[in-house]
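>>> what follows is a predicted protein model with its sequence.
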There are 2 protein chains.
Amino acid sequence: MIALVGCGTVGGGIALLLTRDLPFLKEKTGLNVGLKYIVDINFDHAKEIGIPSNLFETDYNKVLNDPEVTIVIELVGGLTFAKDVVSKALIAKKNVVTANKALLANFGEELFGLARKNGVAIGFEASCAGGIPIVKTLTEGMAANKIDGVYGIVNGTCNYILTQMIDQGMSYADALKGAQAEGLAEADPTLDVNGMDSAHKISILGSLAFGYNCELSAVTTTGIEDIDIYDVSIGREMGYTIKLLAIAETYDNKVSLRVQPSFISDSHPLAKISGPFNGVSLYGHAVGHTMYYGRGAGALPTASAIGADVIAVAQGTQKIVFDSYKYWPDITEKPEYMALSDVESEFYLRLNVEDHVGVTATITKILAANSISISAIHQKSIRPKDARSKNIPIVILTHKTKCGNMDNAILELQNESRISKNIVSIPVIEEKEETIH
Amino acid sequence: MIALVGCGTVGGGIALLLTRDLPFLKEKTGLNVGLKYIVDINFDHAKEIGIPSNLFETDYNKVLNDPEVTIVIELVGGLTFAKDVVSKALIAKKNVVTANKALLANFGEELFGLARKNGVAIGFEASCAGGIPIVKTLTEGMAANKIDGVYGIVNGTCNYILTQMIDQGMSYADALKGAQAEGLAEADPTLDVNGMDSAHKISILGSLAFGYNCELSAVTTTGIEDIDIYDVSIGREMGYTIKLLAIAETYDNKVSLRVQPSFISDSHPLAKISGPFNGVSLYGHAVGHTMYYGRGAGALPTASAIGADVIAVAQGTQKIVFDSYKYWPDITEKPEYMALSDVESEFYLRLNVEDHVGVTATITKILAANSISISAIHQKSIRPKDARSKNIPIVILTHKTKCGNMDNAILELQNESRISKNIVSIPVIEEKEETIH
């Protein structure tokens, strides 16, 4: 039987699924995946959604000492208490199901090792991309592939905010307020909008994709807080949609991990992932490009992923997969990383200059000196709303260049007296080429 | 060890994966999934792609009598010989992996029963939507959901042809010729373009989705042979993309299965599935709308799905899933079907009339008498290229109505002397509403 620890919004969803829908689940799967305990200190939400109160328990030790409990679902979130809950469950030889991406990104190696030592498994489908079964897809559905790229829109809050900026022309600040009013952003949205939540997820997905222990500390992370609606609009005009992309890629045997606001071409399947939805593109050597779409958050969509894990653990398939495959972070090596400065990308560049005619030559000279070639250059007649000076915006699209070249070029451009220090550079990501072989 | 029966295009792909890529697969999965036999009567293709000739075998009985062989991959296609290969393997207590949708759609109940009786499993990921792991997603990833809708673009040949018509303005005949030249359509493309291949797949996916034995004979099937480029273009103007949709839906407890060319709104995630790609939307009661995208055919993409099955069978997870879940056609009941005439849909209707002003009243009267209300009506100034008379096309979009009403209305309209008998009606499918609950 099962114990659920933490009955907030997401906890309430899985509690509902494992009580109200239990007869259906039994009939469908042939398994008894009933709850025995719901551990929390406050049961207001659980009561509100009609969860039977005989399940409520405040003492976690009772769960740990109950041999009937074989699965602990951890949904308390955060790092400290959650780590304690999970570790104690594993040591008590109970399987764990968790949605806690921060926990696994920070302590995956330790916790998977603890699970292995105690002969149990960890299910974590809900940790990445909400209701999309992306963990099962990466580990099992794509099992016959060498994966060389994962491109994900894995944070619904950011995607909702960016979609509002794109579709409604809202500023970042207004779109964030709207997301908070809709319950799609926390009161403190920092971990979402600064890209850290996406970084957690891409370190987990990268580890599964490549069979390396991809460390959180190796993810170069930029959030969406500084995205200007002006650039979003100019991008739209040019056929690009802005998305916060989490990318894990291999170049030969080096791994690049990054989270970055990016322009993607409207024809890219990920460009259509709007609002709170998530989408993940996987590139395999045999299958080519596959893409997965669904809700990235919400009580019941997340419960769908947790429920699938509970069933897989109860059936025994999760344990087999955990014992058999060689891509869990406790048994894999750390990769050699590719520095972001060596990664190649096209760029969108916006400079604000005092006098257009005079400085164009300077700009093109500096770019050329840094091995950056220009694919398009526009002087925009409409200036950003918040432009404080009479500077004229110049938008440049570049061909592929190393990110390090761009960083150098920007430093040099910022040294020019007639160019404003505020230079916007956004990577332009074309659909990755399939290399089926 | 593994025996492969049938080494044509797809067989060559999995042969390559299980020989050339075997060291990688061993390292990744911890399993030995090496080939012991490749059974065929002609090994030209196998030789051409460099498969070791010591695997070649012409006598299938050798496979059946070899206790070392635990998995037989059937890729001979068709119904007669394939059924023989699969049945004999199951009776010899060997697990089977197959890409044969026709076989499972016609004989699934019998073959799954035979597998169960002999204590082995059947893997069939490659039977639906090529490289997309849709079977694993439906059976395991979505395990905690009541599925109430499957909408699929599951035939790459049709989707390629329709995409050429949409993007290049080609006629059906020219687009088909192009597809054949590209190797994306068979010399005899009948099973693809008449919708039967999609019908096979939706009967399999419907069975997994609903836990009913959804019979092939219950799929109402229309192909793409009669699609006129004129209607494709008019649809584009109105923001609709034509797709061959395979649909399995439940209404209360009744099941509707259908394959039909359909207009879908450009904002629907399936509208962007172009060329030879496949896409499948699943609607679950907890997860809401999820969508899956990837290559629907090709040697290596299909081998990706076959390889995942081989690994799951070798690991033992496939057997557990087969034994535990209750939605395999040998143990499920046949559903009550909903007649297509009772299914509601919006429609695109094109009539060719002799005299526009005079007949409009007649048309609207007949539609109203059949409970069909009009949402838009256009007289098009451009006539179809092949229009043989001076008839004027009138395009009508309707609100939702029962398909039976539309059938009746069309019969009555065809009886009118000033309306051509050639009336085009195409269902307009809006994105299905998510009913997360």
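Yep, it's here.
>>> A:G149 should be in a helix, yeah?
No - counting by DSSP: H, G, I helix; E, B strand; the rest coil, A:G149 is not part of a helix but strand.
>>> hmm, A:A246 and it touching each other?
No - applying C-beta atoms under 8 Å, one finds A:G149 not in contact with A:A246, separated by 11.6 Å. C-beta coordinates here come from the backbone N, C-alpha and C atoms, glycine included.
>>> of these two, which one has the most company?
A:A246 (31 against 21; other C-beta atoms under 10 Å in any protein chain shown).
>>> averaged pLDDT, the helix or strand harbouring A:S87. What do you get?
Assessed by DSSP states H and E, A:S87 sits inside helix A:80-91. For helix A:80-91, mean pLDDT rounds to 98.
>>> that one: how far from the chain's middle?
Distance of helix A:80-91 from the chain centroid (C-alpha atoms, centre = their mean, to the nearest Å) equals 24 Å.
>>> helices or strands up against that helix?
helix A:60-64, strand A:71-74, strand A:95-98, helix A:101-117 (3 or more C-beta pairs under 8 Å, 6 or more residues apart in numbering or on different chains; DSSP states H and E).
>>> for the nearest residue to A:D40 once chain neighbours are set aside, give me the pLDDT.
Leaving aside its sequence neighbours, A:D40 sits nearest to A:C7 (C-beta to C-beta, 6 or more residues apart in numbering or on different chains; 4.6 Å). pLDDT for A:C7: 96.
>>> what are the buried residues along the helix or strand containing A:V255?
A:V255 is part of strand A:254-265 when elements are defined by DSSP H and E. Neighbour counts over strand A:254-265 (16 or more other C-beta atoms under 10 Å in any protein chain shown) mark A:255-264 as buried.
>>> got TSV for those, with distance to A:G239 and pLDDT too?
Converted to TSV, the buried residues of strand A:254-265 look like this (distance: C-beta to C-beta, whole Å; pLDDT from 0 to 100):
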residue	distance to A:G239	pLDDT
A:V255	31	98
A:S256	26	98
A:L257	28	98
A:R258	23	98
A:V259	23	98
A:Q260	19	98
A:P261	17	98
A:S262	14	98
A:F263	9	98
A:I264	10	96
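>>> follow-up on the earlier one: alpha carbons only: can I get the helix holding A:S87 in CSV?
Below are the C-alpha coordinates for helix A:80-91, written out as CSV (Å, rounded to 0.1, in the frame of the first residue of the first chain):
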residue,chain,number,x,y,z
THR,A,80,15.7,19.9,3.3
PHE,A,81,12.6,18.1,4.6
ALA,A,82,12.0,16.4,1.2
LYS,A,83,15.5,14.9,1.3
ASP,A,84,14.8,13.6,4.8
VAL,A,85,11.5,12.0,3.8
VAL,A,86,13.0,10.4,0.7
SER,A,87,16.2,9.1,2.4
LYS,A,88,14.3,7.6,5.4
ALA,A,89,11.8,5.9,3.0
LEU,A,90,14.6,4.4,1.0
ILE,A,91,16.5,3.2,4.1
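>>> whichever residue of the stretch 301-437 of chain A sits closest to chain B: what's it in contact with?
Closest contact between the stretch 301-437 of chain A and chain B, by C-beta to the nearest C-beta, is at A:G307 (2.7 Å). The contact partners of A:G307, taken as C-beta atoms under 8 Å, 6 or more residues apart in numbering or on different chains, are A:14, A:17-18, A:25, A:33, B:143-145, B:286.
>>> please name the nearest non-neighbouring residue to A:F322.
Distances taken as C-beta to C-beta, 6+ apart put A:A121 closest to A:F322, at 4.4 Å, once the chain neighbours are dropped.
>>> so what's the one you found up against?
Applying C-beta under 8 Å, 6+ apart, the residues near A:A121 are A:95-96, A:115, A:313, A:318-319, A:321-322.
>>> angles on the backbone of the nearest residue to A:A15 once chain neighbours are set aside, please.
In space, and not counting its chain neighbours, A:A15 is closest to A:I51: 4.9 Å by C-beta to C-beta, 6+ apart. Phi and psi for A:I51, reported as degrees, to the nearest 10, are phi -80, psi 130.
>>> thought A:I51 was touching A:I38?
Yes - assessed by C-beta under 8 Å, A:I51 is found in contact with A:I38 at 6.7 Å.
>>> neighbour count: the two, which is higher?
Using other C-beta under 10 Å as the criterion, A:I51 and A:I38 rank with A:I38 on top: 28 against 23.
>>> is that one in a helix, a strand, or coil?
strand.
>>> could you do A:I331 as well?
coil.
>>> and it, how many neighbours does it have?
That count, for A:I331 with other C-beta under 10 Å as the rule, works out to 14.
>>> can you tell me what sits against stretch A:204-213?
Contacts of stretch A:204-213 (C-beta under 8 Å, 6+ apart): A:101, A:104-105, A:108-109, A:124, A:127-128, A:134-135, A:138-139, A:147, A:150, A:152, A:154, A:214, A:246, A:248, A:250, A:255, A:257, A:280, A:282, A:326-329, A:332-335, B:27-28.
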